[in-house]
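J.: sequence first, then the predicted structure, then my questions.
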Amino acid sequence: MNLVDPRSIYALWLRDVKRFLRAPSRIVGSIAMPLLFLVFLGFGFSGAAIPGLPEGVDYLQYLVPGMVGFTMLFGASFAGMSILSDQDVGFLKEILVAPVSRTSIVLGRIAGGSTTALVQAGLILLISIPLGFRVDSALGVPLAAVFLLLIAITFVGFGIALASQFRDSEGFGLVIQFVIFPLFFLSGAIYPVESLPSAIQTLAFVNPLTYGVDGLRAVLVGTSAYPVLLDFGALVASSIVMVGVGTYLFERVEPV
C-alpha cells in the first residue's frame, strides 16, 4: 500500500467540495457570524479610540483580516464534523477498510477542508470591499492566499485530530465551539494583543491564529505587530505539527 495515493486524495477532496457547493445553507451559515461581527463591530467602533490600534489605520481596516482569519478558523475546524457525519452514515468505515493508507485519507480531508474554508474566507473578503475595506497593494492578495492556506491546514489538522477522539458529532460540536472562541478572542482579531494582561498575552503567543491574523494584516493592510517572516514561520510550524498530530491520531481510529 502506498503511503500517499494522489487518486484517493483527489477523490476525497472532490467529494468534500461537491458536498459544500451543493449545500447553499452551509455556505450562508459559514459566513453569517463573521459577517455580523464585521458589520456591527466595524461600523459600531468606527472612529473610536481603541488602545493599541496602529496609527492611521481605521478600525474596519484593522478588523477585516481578523474576520477573515476567524472565518478560516471556524470553517477549517468544523471539517472534523464531516468525519463524524461520515461515521454516522457508514462511509468512514468503508474508507477505513479500503486499501488506502490513513495518511492519504487525512491529506484528502485536509485538502477538501482547506478548499472550502478558503472559499468562505474569500467571500468575507469580497463582501468587505463594498463596506469600505481597501487592500494595501495588489501583491497583498496572493500573499494573503498563502497565509490563508497555512491557517486552513493548521486548523483542519486540528479538527481531524479532535474528531478522531469522538464517536458522536454532538459532543464534538460542543467541544469545538468551546475551543474556537478562546482562540478567536486571543488572536488579536478584534483588538490588539498588546491590550491584554501580560499573563493572557502569553496564551496569545502560542495561538497559531495570532500569527495568521497578524500576517494577513501585514499583507492586506500594511501593518503588523510582528515581522512577516515570524508570522509565516510560526504558521508553517503549526501546519506541520497539526497535520502530524491529526495523522497520528486518525491512524488509531478503529472502524465501527
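T.: Everything's here; your move. Residues are numbered from 1 along each chain as shown.

J.: okay, CA-based contacts and neighbour counts for the rest of this
T.: Noted.

J.: can you pull the contacts of residue 190?
T.: By CA atoms under 8 Å, 6 or more residues apart in numbering, residue 190 lies in contact with 62, 63, 66, 67.

J.: and residue 233, what's its pLDDT?
T.: Confidence at residue 233, expressed as pLDDT, is 96.

J.: any idea which element it lies in?
T.: Using DSSP states H and E, residue 233 falls within helix 228-250.

J.: give me the buried positions along that helix.
T.: Buried residues in helix 228-250, counting neighbours by 16 or more other CA atoms under 10 Å, are found at 228, 231-232, 234-236, 238-239, 242-248, 250.

J.: which one of these is nearest to residue 166?
T.: Using CA to CA, residue 250 comes nearest to residue 166 of those, at 10.9 Å.

J.: the closest one against residue 160, yeah?
T.: Yes. Using CA atoms under 8 Å, residue 250 is in contact with residue 160, at 7.3 Å.

J.: sorry, back to before: who wins on neighbours among the contacts of residue 190?
T.: Within the contacts of residue 190, neighbour counts (other CA atoms under 10 Å) peak at residue 66, which reaches 28 neighbours.

J.: so which of the contacts of residue 190 sit within helices?
T.: Here DSSP state H is the test, and those give 62, 63, 66, 67 as lying in helices.

J.: with adjacent residues omitted, what lies nearest to the last one?
T.: Yep, that's residue 67 we're talking about. Sequence neighbours aside, residue 34 is the residue nearest to residue 67 in space, at 5.7 Å (criterion: CA to CA, 6 or more residues apart in numbering).

J.: next up, the contacts around the one you found.
T.: By CA under 8 Å, 6+ apart, the neighbours of residue 34 are 67, 68, 70, 71, 124.

J.: give me the element it is part of.
T.: Element membership for residue 34, per DSSP H and E: helix 24-44.

J.: what's the mean pLDDT across that helix?
T.: 79.

J.: list the buried residues in that helix.
T.: Buried residues in helix 24-44 (16+ other CA under 10 Å): 27, 30, 31, 34, 35, 37, 38, 39, 42.

J.: pick out the most distant pair among those residues.
T.: Taking CA to CA, no two of the buried residues of helix 24-44 sit farther apart than 27 and 42, at 22.1 Å.

J.: now the biggest helix by length in the chain against helix 228-250, angle please.
T.: Longest helix in the chain, counting residues (DSSP H): helix 102-128. For helix 102-128 against helix 228-250, the angle by axes from the mean of the first three to the mean of the last three CA atoms, to 10 degrees is 140 degrees.

J.: what mean pLDDT does helix 102-128 have?
T.: pLDDT averaged over helix 102-128 gives 87.

J.: any idea how far the very next helix or strand once past that helix is from the chain center?
T.: Going down the chain from helix 102-128, the next helix or strand is helix 140-163, by DSSP H and E. How far helix 140-163 lies from its chain's middle: 5 Å, per CA atoms, centre = their mean, to the nearest Å.

J.: rewinding a little: shared neighbours of residue 250 and residue 160, which are they?
T.: What both residue 250 and residue 160 touch, as defined by CA under 8 Å, 6+ apart, is the set residue 106.

J.: flag the shaky bits of this protein, pLDDT-wise.
T.: For the chain, the stretches with pLDDT under 70 are 1-3, 46-52, 92, 253-256.

J.: what sits up against stretch 244-251?
T.: By CA under 8 Å, 6+ apart, stretch 244-251 touches 102, 103, 106, 157, 158, 159, 160, 161, 162, 164, 165.
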